[in-house]
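Engineer: fold the stuff below for me.
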Amino acid sequence: MKFVMIFGPQAVGKMTVGHELEKITELKLFHNHMTIELLAPYFGFSRDMWRLVNQFRRDIFEAVAASDMYGLIFTYVWGFDLQGDWDYVDQICKIFEDKGGEVYFVELEADLAARIERNNTPHRLEHKPTKRDIARSEQDLRRTMEQHRLNSWDGEITRTNYVRINNTNLSAGEVAEIIKNRFNF
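Structural biologist: Numbering: from 1, shown residues only. Predicted structure coming up:
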């Protein structure tokens, strides 16, 4: 079992890269908005929604880790200044590692202009209805960037299976090929 976590700030291209990586490997994509979009219409962005999001994700991770699937891609916005996010990532990884799975970290970074442009692409809006209010989504993107550190510092990620890619000027397909080749998927 391979667990590939693609992380980085909003609109950096995590889901889109995940879709491309899914096309060229046997990995299946479970992007972070799959649970958010399921629950937001009922609960809004409330405490109950996040509790259920985390519970659904955990249940899915446990089922996948115990399965005979080749692997899973998960996307995540990781606040490196938030201990709770570090703990969450460790908990997710432990689910797979406890079942003998291998964990791979893919960090994406892109400049703000590219992220603002990507924030309103048809592909993103098709899969993320909660992002369709472009003005609100962009405001959230900027606010989160100002309040939290959404990319790691050099040397902060110490896992062996780790790659950091600046995809400002790369297509999602190019990034997926880099990931596939780097980790021999």
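Engineer: check contacts around residue 97.
Structural biologist: residue 103 (C-beta atoms under 8 Å, 6 or more residues apart in numbering). Every C-beta, even on glycine, is put in place using the N, C-alpha and C of the backbone.
Engineer: in the protein, which helix or strand is least confident?
Structural biologist: Among the secondary structure pieces of the chain, namely its helices and strands, helix 122-127 has the lowest mean (mean pLDDT, DSSP states H and E), a mean of 75.
Engineer: could you dump the following helix or strand past it to CSV, C-alpha only?
Structural biologist: Stepping forward along the backbone from helix 122-127, the first helix or strand reached (DSSP states H and E) is helix 134-147. Output in CSV follows, covering the C-alpha atoms of helix 134-147 (Å, rounded to 0.1, in the frame of the first residue of the first chain):
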residue,chain,number,x,y,z
ILE,A,134,-14.6,33.4,-6.4
ALA,A,135,-14.3,36.6,-4.4
ARG,A,136,-14.8,34.8,-1.1
SER,A,137,-12.5,32.0,-2.2
GLU,A,138,-9.7,34.4,-3.1
GLN,A,139,-10.2,36.3,0.1
ASP,A,140,-9.9,33.0,2.0
LEU,A,141,-6.8,32.1,0.1
ARG,A,142,-5.1,35.4,0.9
ARG,A,143,-6.2,35.4,4.5
THR,A,144,-5.0,31.9,5.1
MET,A,145,-1.6,32.7,3.5
GLU,A,146,-1.2,35.7,5.8
GLN,A,147,-2.3,33.8,9.0
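Engineer: just the mean pLDDT for helix 134-147, thanks.
Structural biologist: When pLDDT is averaged along helix 134-147, the result is 90.
Engineer: tell me which helix or strand the residue nearest the centre of the chain sits in.
Structural biologist: Centroid-nearest residue in the chain, with C-alpha atoms, centre = their mean: residue 75, separated by 1.5 Å. Element membership of residue 75 [criterion: DSSP H and E] is strand 71-76.
Engineer: check which helices and strands that strand sits against.
Structural biologist: Contact here means 3 or more C-beta pairs under 8 Å, 6 or more residues apart in numbering; DSSP states H and E; on that basis strand 71-76 packs against strand 2-7, helix 14-24, strand 28-30, helix 47-65.
Engineer: can you tell me the helix or strand for the closest residue in space to residue 3 that isn't next to it in sequence?
Structural biologist: Beyond its immediate neighbours in the sequence, the residue positioned closest to residue 3 (C-beta to C-beta, 6 or more residues apart in numbering) is residue 96, lying 4.1 Å away. Assigning secondary structure by DSSP H and E places residue 96 in helix 83-97.
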